[in-house]
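> Kindly return the folded structure for what I paste below:
(chains A and B, ligands or ions: 2)
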Amino acid sequence: MFSQGGLSLEQAPPISVVMKFFITASLFGLILGLYLLASSSGLLTYSAYAYNVTITHFLALGVMASFMLGALFQMLPVIAGVVIKMPSKKSMVVHVLLMVGVFLQLFAFNTSISLLYLFSAIILGSALLHATTLMIKELIKVQDHSSSSKGMLLSLSSFTIAIVFGIYLLLTLGGYISGDAFTQVKEAHYSFALFGWVALLIVSVSFQVVEMFYVTPKYPTIMSKYLVTAIVMLLVLKLIALFISLPTVGIDLILALLFIAYGIITLHRLYRRKRPTSDATVWFWRLGMGLLIVSMFITALGTVTSIDQGLKSISYLAFIGFALSIVFAMNYKIVPFLTWFHLSNQGYMEAPMMHDVIHPKKAKIHFYIHIAMLVTWTLSILFNLPMIDIVASLLVVLSFGWLLYHLIFAVRKYNYTQKHTEKIEW
Amino acid sequence: MIISSYMRTEHRACDEIFAAAEKHVIDGDFEKAEEQFILFADDTIRHFKKEEESLFPTFEELTGNTEGPTRIMKFEHEQVRGLIGKMAEAVENKDSDAYLSLAESMMILLQQHNMKEEQMLYAMCDRMIPQDVKESTLETMKAIEL
Ligand SMILES: [Fe+2]
Ligand SMILES: [Fe+2]
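Residues are numbered from 1 along each chain as shown, chains lettered A, B, ... in the order given. Ligands and ions are numbered 1, 2, ... in the order given. From the prediction side, this is the model:
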């Protein structure tokens, strides 16, 4: 039946739940930047393998998963009508375990100490599985699924699969299991994590949020109805193919083409949006979609012809840029809105307006920093000059530092309003 | 689906007018902006009135629940009305930064409200209310004036 709580932002979790995840994510991004800086300036040296897995997982879990789980805690009640009881307590467990787990994993990758692999598998595994199962459990109950809520359910399911595979990989690396299927599981782990979790979640959220924030025409029904299911089915097919040793390039090609189609259609939605504003978040969305298309185009190219490592790295960078662009776009809408919303709901007459929490001009500056970061990393891939690497790493620090500063500013503004301004009881 | 389609059309119409007003503010044409904004405010408040005086009571009678979704929807209407007041002030003062800032909040608030109505409340109304009651409710709503 119709749950009363799920219907309203009034029942949304306290703002601290979201802010905690967003701030942690930015902090992780900042640390990642410092790690990159240390390695590009030659202060620390790592094997190429440790360097790659560290960056990937620090980004995927420390940054992306923190942002996305925080956003989900906030959005599930609003978008899917799902109530998560005791959100503060539950999110705290996830939050703390995730933070510890990400660091343990970082040390595991960089030291290859067997026990660290075990601990990171246990702690990261329980943090993430706890988060996904508690959300899936609620989402499964939803009766009238929208394309968004169905997509969230499927992307959380993909994430769960990716996590289980990840645990298998960590235990193999630690020497606890023989890991006979290591290669196939690794490939499946990446596919489910990148396409199934990150990209699919962005797709599902966009079906609602793009329309809602920018007042655009609706997505074509065929896309909103079938795209997420198609992607998940392809991923399952890929998994089967991997295990019976059939080639998977055909599946990768179709996946890439579907994402390209989605990117183009989203760009077109944004182009036809009714709201005239071109604030930074619109630009973040445009850039994100452009980067998704670039990344998937290279992936598609790689399935029909052989491409060199540089091009592969650019595809990878573009994918990261895509995911980060969308996350930033969401941040600059969600945080000011929630600050204003919660305060004015509590009856503070002087609740700061959205622009007073984070002004669009600040978001625009972040957009330029983000672009500069992407450009310098591209140059770094193409020319491999230490100088460029240092600048690129500094820009990562600056980018996340900028966001972090504004998130903390928002929290302080929130606290200030609560402490020092007048409140009327509704 | 007659309830959904009628109400959805009204939501979309309000979006269009809202966007038009916002565009005039960006262009600095406050006379036209005010004109459009008043249209938006009237249409939105009339739409709320239709819901509160006709659709919601029908829904409440049917489900026997006056404390559930409709109460929350009415609460959100109140929030939107509050914002409309502030935006009217901003447009009168020709304060474009304040207007655009409030417009941002308004759009998110209103869109998520409409989304919930369209996906849950209207869908339930269409599913549960008998056809003849639906038709008479629709007629009553069409006749409601400000
Ligand atoms: Fe309403
Ligand atoms: Fe409505």
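> measure A:I140 to B:D15 for me?
Separation of A:I140 from B:D15 (C-beta to C-beta, to the nearest Å) stands at 32 Å. C-beta: built from backbone N, CA, C; applies to glycine.
> Oh, that last question was meant for A:L407, not what I typed.
Going from A:L407 to B:D15 by C-beta to C-beta gives 30 Å.
> what's the neighbour count on A:H359?
Residues within reach of A:H359, counting by other C-beta atoms under 10 Å in any protein chain shown, total 17.
> I misspoke; the intended subject was A:V375.
By the other C-beta under 10 Å criterion, the neighbourhood of A:V375 contains 13 residues.
> what helix or strand does it sit in?
Per DSSP states H and E: A:V375 is located in helix A:360-383.
> need the contact list for B:K142.
Contacts of B:K142 were listed using C-beta atoms under 8 Å, 6 or more residues apart in numbering or on different chains, and none were found.
> Over to it. Which of the three states is it?
At B:K142, secondary structure determined by DSSP: H, G, I helix; E, B strand; the rest coil is helix.
> Name all residues that make contact with A:I55.
A:I55 makes contact with A:32, A:35-36, according to C-beta under 8 Å, 6+ apart.
> Let me fix that, I meant to ask about A:I371.
Neighbouring residues of A:I371 by C-beta under 8 Å, 6+ apart: A:L287.
> and the residue lying closest to A:F328 once chain neighbours are set aside, what element?
The shortest distance from A:F328 to any non-neighbouring residue, by C-beta to C-beta, 6 or more residues apart in numbering or on different chains, is to A:F284 (5.2 Å). Under the criterion DSSP H and E, the helix or strand holding A:F284 is helix A:280-304.
> how far off helix A:360-383 does the very next helix or strand once past that helix point, in degrees?
From helix A:280-304 onward toward the C-terminus, using DSSP H and E, the following helix or strand is helix A:309-345. Taking axes from the mean of the first three to the mean of the last three C-alpha atoms, to 10 degrees, helix A:309-345 and helix A:360-383 form an angle of 170 degrees between their directions.
> how about helix A:309-345: buried residues?
Of the residues in helix A:309-345, those with enough neighbours to count as buried (16 or more other C-beta atoms under 10 Å in any protein chain shown) are A:313-344.
> That helix versus helix A:280-304: what angle between them?
Relative orientation of helix A:309-345 and helix A:280-304, computed by the same axes, to 10 degrees: 150 degrees.
> what's the spacing between helix A:309-345 and its chain's center?
7 Å (C-alpha atoms, centre = their mean, to the nearest Å).
> Find the centremost residue of chain B, please.
Per C-alpha atoms, centre = their mean, the C-alpha nearest to the average position across chain B is that of B:T44, at 4.2 Å.
> Distance across stretch A:210-221, terminal residue to terminal residue?
Between the opening and closing residues of stretch A:210-221 lies a distance of 15 Å (C-alpha to C-alpha, to the nearest Å).
> and A:F22, how many neighbours does it have?
By other C-beta under 10 Å, 25 other residues sit near A:F22.
> per-residue pLDDT, the single nearest residue of the stretch 101-250 of chain A relative to chain B?
Going by C-beta to the nearest C-beta, chain B is nearest to A:M212 of the stretch 101-250 of chain A, at 4.0 Å. Note on A:M212: pLDDT of 82.
> what phi and what psi does the backbone show at the residue lying closest to A:L118 once chain neighbours are set aside?
In space, not counting the residues next to it along the chain, A:L118 is nearest to A:G174; the distance is 5.1 Å by C-beta to C-beta, 6+ apart. The phi and psi torsions at A:G174 (degrees, to the nearest 10) take the values phi -80, psi -10.
> Next one: A:G174 relative to A:F119, how far apart?
Distance of A:G174 to A:F119, given as C-beta to C-beta: 9 Å.
> any shared contact partners between these two?
With C-beta under 8 Å, 6+ apart applied, the overlap between the contact sets of A:G174 and A:F119 consists of A:A108.
> Close to chain A: what parts of chain B are there?
Applying the criterion C-beta under 8 Å from any C-beta of the partner chain, the portion of chain B that neighbours chain A consists of B:15-16, B:18-19, B:22-23, B:26, B:63, B:67-69, B:71-73, B:75-76, B:79, B:82, B:97-98, B:100-102, B:104-105, B:107-109, B:111-112, B:115-116, B:119-121, B:123-124.
> Now with 6 Å, please.
When proximity is defined as C-beta under 6 Å from any C-beta of the partner chain, chain B approaches chain A at B:15, B:19, B:22-23, B:26, B:68-69, B:72, B:101, B:104-105, B:108, B:111-112, B:116, B:119, B:123.
> show me what contacts the residue nearest to A:L36 when sequence neighbours are not counted?
With sequence-adjacent residues excluded and distances taken as C-beta to C-beta, 6+ apart, A:L36 is closest to A:S393, at 3.9 Å. For A:S393, the contacting residues are A:33, A:36-37, A:40, by C-beta atoms under 6 Å, 6 or more residues apart in numbering or on different chains.
> could you redo the last one with a cut-off of 8 Å?
With contact taken as C-beta under 8 Å, 6+ apart, A:S393 is in contact with A:33, A:36-37, A:39-41.
> still on that earlier bit, please say which of A:I140 and B:D15 ends up with more neighbours.
Ranked by neighbour count (other C-beta under 10 Å), A:I140 and B:D15 place B:D15 first, with 19 against 11.
> What separation is there between the residue nearest to that one when sequence neighbours are not counted and A:R273?
Closest residue in space to B:D15, ignoring its immediate chain neighbours: A:V215 at 5.0 Å, by C-beta to C-beta, 6+ apart. With the distance defined as C-beta to C-beta, A:V215 ends up 6 Å from A:R273.
> where does chain A dip in pLDDT?
Within chain A, the set of residues satisfying pLDDT under 70 comprises A:1-11, A:426.
> per the record, what domains does it have?
Partitioning chain A according to automatic domain parsing yields domains covering residues A:1-144, A:155-262, A:277-415.
> Of those domains, which is nearest B:K50?
Nearest of these to B:K50, taken as C-beta to C-beta: domain A:1-144 at 19.0 Å.
> Next, count neighbours for A:M86.
Here the count is done by other C-beta under 10 Å, and A:M86 has 9 residues near it.
> Restricting to C-alpha, output stretch A:331-338 in PDB.
Extracted C-alpha coordinates of stretch A:331-338, given in PDB (Å, rounded to 0.1, in the frame of the first residue of the first chain):
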ATOM      1  CA  ASN A 331      26.300  18.200  -5.800                       C
ATOM      2  CA  TYR A 332      25.800  21.800  -6.900                       C
ATOM      3  CA  LYS A 333      22.000  21.300  -7.100                       C
ATOM      4  CA  ILE A 334      21.400  18.900  -4.200                       C
ATOM      5  CA  VAL A 335      23.500  20.700  -1.500                       C
ATOM      6  CA  PRO A 336      22.100  24.200  -1.900                       C
ATOM      7  CA  PHE A 337      18.600  22.900  -2.300                       C
ATOM      8  CA  LEU A 338      18.700  20.600   0.800                       C
END
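> quick check, that stretch touching chain B?
Yes. Looking at stretch A:331-338 against chain B by C-beta under 8 Å from any C-beta, the contacts come from A:333, A:336-337.
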